[in-house]
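> With the input below, show me the fold.
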Amino acid sequence: MSIQQVAIIPAKPAQVYAILADAEALSALSGMTGKAGYSAGDEFSAFDGHVTGRQIDLVPDHRVVQAWRFPVWEPGRYTIVHFTLEADSGGTRLVVDQDGEPDEADALGCHQNWHDHLDANWPTFYFAPVARYFGAQATS
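Next comes the predicted model:
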């Protein structure tokens, strides 16, 4: 099962790319910590370590591809996340495609299933904080 979501972010693609490619900056928008990986192959962590992974493909201003995992997943289990950025009259059209999340609930019983959890939280942890950040930047 895959996830696809789209949002318009009120900023230029270069600005949105800079946040998406930097897990430390992205996590800070939600008041959490992260560790950036700036090149393909680099490891990163986001959201106080709740997401870890590796940068797969970084095309400045256009695309970020990452392999993600949550610490409660079985070792070696990853989901692949593609962020595609396109200039839009409202700023940047951000398309998120995610594939490969586990079907089962996590070992702690926190999530009914990972697909629904991930699908529901893209707006909470990505779209809303990033849009707020750039909206605040535009008015300052």
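> lowest-confidence helix or strand of this structure?
The weakest-scoring helix or strand in the chain, judged by mean pLDDT, DSSP states H and E, is helix 128-139 (a mean of 81).
> which residue sits closest to Ile3, ignoring its sequence neighbours?
Gln98 (4.2 Å; Cβ to Cβ, 6 or more residues apart in numbering). Every C-beta, even on glycine, is put in place using the N, C-alpha and C of the backbone.
> looking at it, the one you found is touching Phe83, isn't it?
No. Counting by Cβ atoms under 8 Å, Gln98 does not reach Phe83; the two are 9.7 Å apart.
> returning to what we had before: checking my notes, the residue nearest to Ile3 in a helix, right?
No. Under DSSP: H, G, I helix; E, B strand; the rest coil, Gln98 sits outside any helix and is assigned strand.
> Might you report the residue contacts of it?
Counting by Cβ atoms under 8 Å, 6 or more residues apart in numbering, Gln98 touches Ser2, Ile3, Gln4, Thr79, Ile80, Val81, His82, Leu118.
> what's near enough to touch the second one?
By Cβ under 8 Å, 6+ apart, the contact set of Ile3 is Val96, Asp97, Gln98, Asp99, Glu101, His115, Leu118, Asp119, Trp122.
> The first one too?
By Cβ under 8 Å, 6+ apart, the contact list for Ser2 reads Asp97, Gln98, Asp99.
> Look up the residues forming beta bridges with it.
Judged by DSSP bridges, the bridge partners of Ser2 are Asp99.
> Ok, the fifth one next?
According to DSSP bridges, the residues that bridge with Ile80 are Ala67, Asp99.
> I'd guessed it sits against Ile56; true?
Yes. Assessed by Cβ under 8 Å, Ile80 is found in contact with Ile56 at 7.3 Å.
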